[in-house]
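*Asks:* next come a sequence and a model predicted from it.
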Amino acid sequence: MSASLFEALHAALMACDIEDKCARVHALKAAFDTGGLNVDGAPPVAEIDCGRPPRPELVPPNKLRKRRPGSPEGHAALLHAIAHIEFNAINLALDCAYRFRELPEAFYRGWVDVAAEEASHFVLVRERLKALGSDYGQFAAHDGLWEMTVLTASDPLARMALVPRVLEARGLDATPPIMNKLRAIGDEATCEVLDIILRDEIGHVALGDRWFRYFCAREGLAPEPTYLALIAQFNAPWPKPPLNVPARRQAGFSASELAVLAAPKGSGGA
């Protein structure tokens, strides 16, 4: 008899050791893909929480030191910030698959796949960080991604709108300028890693877009005004220009929606 997918997801979600967490993610994906885990007989949903290592120290965003990427410390700090995003993204995907129940199996398969890709991204960035003589945990970081996950724990519609379609979509915009900074200091190896991440993240945001529209249809809501209303309701961050329009279009944003998001907040948008 196959075991519970949700028990395996929760075990991976709560794992604190980073190698253990990544290994658990890849193992549960392999088991789910081959029929070793099922979505039947799910245990009750636990209170929202996640496992993480004792470091990095988590501080408010305005407490993070600004460092120039051209310095060795600034270079490592930039890669550390990317690694932290990818580590958080593992927990975000695991929680999506664990927390929301009685949905089509494709929902769970999609977010399990995302968790495995995020674990691979984290390992790739961590390897680049180690090549600079640093490691994950050596710089302070903030917890904004997980904080939004907590705020949307009871509402899959809000989760899909505000985590993949707001926070992760910001990564689509931010990655090309980051790559330009890294190329300027000769770090082509990390740019190759970010090429992989950007390609995969378009798919992750697209998955969020797909299920956001699914939940809107289920509740009889128009997606685009609902999206703007949720941004306002949760005080979610407005996109910072320039938008990566081609990537966002691939991920499911409409031209009219992008026109609103490209304008300053409050000028006809949220």
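*Replies:* Cool, got the structure.
*Asks:* helix/strand/coil for Leu230?
*Replies:* Three-state call for Leu230 (DSSP: H, G, I helix; E, B strand; the rest coil): helix.
*Asks:* ok, now which ones touch it?
*Replies:* Counting by CB atoms under 8 Å, 6 or more residues apart in numbering, Leu230 makes contact with 157-158, 161-162, 236. In short, each C-beta sits where N, CA and C put it, glycine included.
*Asks:* go again with 10 Å.
*Replies:* 152, 155, 157-162, 165-166, 212, 236, 270 (CB atoms under 10 Å, 6 or more residues apart in numbering).
*Asks:* separate out the buried members of these.
*Replies:* Buried members of those, counted by 16 or more other CB atoms under 10 Å: 152, 157-162, 165-166, 212, 236, 270.
*Asks:* circling back: from the contacts of Leu230, which land in helices?
*Replies:* 157-162, 212 (DSSP state H).
*Asks:* next, format the residues you listed as JSON lines and append pLDDT and distance to Ala31.
*Replies:* Listed next are the ones in helices among the contacts of Leu230 as JSON lines, based on pLDDT from 0 to 100; distance: CB to CB, whole Å:
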{"residue": "Leu157", "pLDDT": "98", "distance to Ala31": "29"}
{"residue": "Ala158", "pLDDT": "98", "distance to Ala31": "30"}
{"residue": "Arg159", "pLDDT": "98", "distance to Ala31": "25"}
{"residue": "Met160", "pLDDT": "98", "distance to Ala31": "25"}
{"residue": "Ala161", "pLDDT": "98", "distance to Ala31": "30"}
{"residue": "Leu162", "pLDDT": "97", "distance to Ala31": "30"}
{"residue": "Phe212", "pLDDT": "98", "distance to Ala31": "28"}
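*Asks:* okay if I get those as TSV plus distance to Pro177?
*Replies:* Formatted as TSV, these follow (distance: CB to CB, whole Å):
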residue	distance to Pro177
Leu157	31
Ala158	28
Arg159	27
Met160	26
Ala161	25
Leu162	23
Phe212	26
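*Asks:* which one of those residues is nearest to Val260?
*Replies:* Each of the ones in helices among the contacts of Leu230 was scored against Val260 by CB to CB, and Ala161 proved nearest at 14.2 Å.
*Asks:* check the gap between the closest one and Pro72 for me.
*Replies:* 39 Å (CB to CB, to the nearest Å).
*Asks:* for the one residue sitting closest to the centre of the chain, pull up the helix or strand it's in.
*Replies:* For the chain, the residue nearest the mean C-alpha position is Ala89 (3.6 Å; CA atoms, centre = their mean). Using DSSP states H and E, Ala89 sits in helix 72-99.
*Asks:* re the thing from before, the residue nearest to the centre of the chain and Val112, how far apart?
*Replies:* For Ala89, the distance to Val112 (CB to CB) stands at 13 Å.
*Asks:* joint contacts of the two?
*Replies:* Both Ala89 and Val112 lack any common contact, where contact means CB under 10 Å, 6+ apart.
*Asks:* can you tell me which of the contacts of Leu230 is nearest Phe6?
*Replies:* Comparing these against Phe6 with CB to CB places Arg159 closest, at 16.5 Å.
*Asks:* so what's the closest residue to that closest one other than its chain neighbours up against?
*Replies:* In space, and not counting its chain neighbours, Arg159 is closest to Thr152: 4.0 Å by CB to CB, 6 or more residues apart in numbering. Thr152 is in contact with 48, 95-96, 99, 158-163, 230, 234, 236, counting by CB under 10 Å, 6+ apart.
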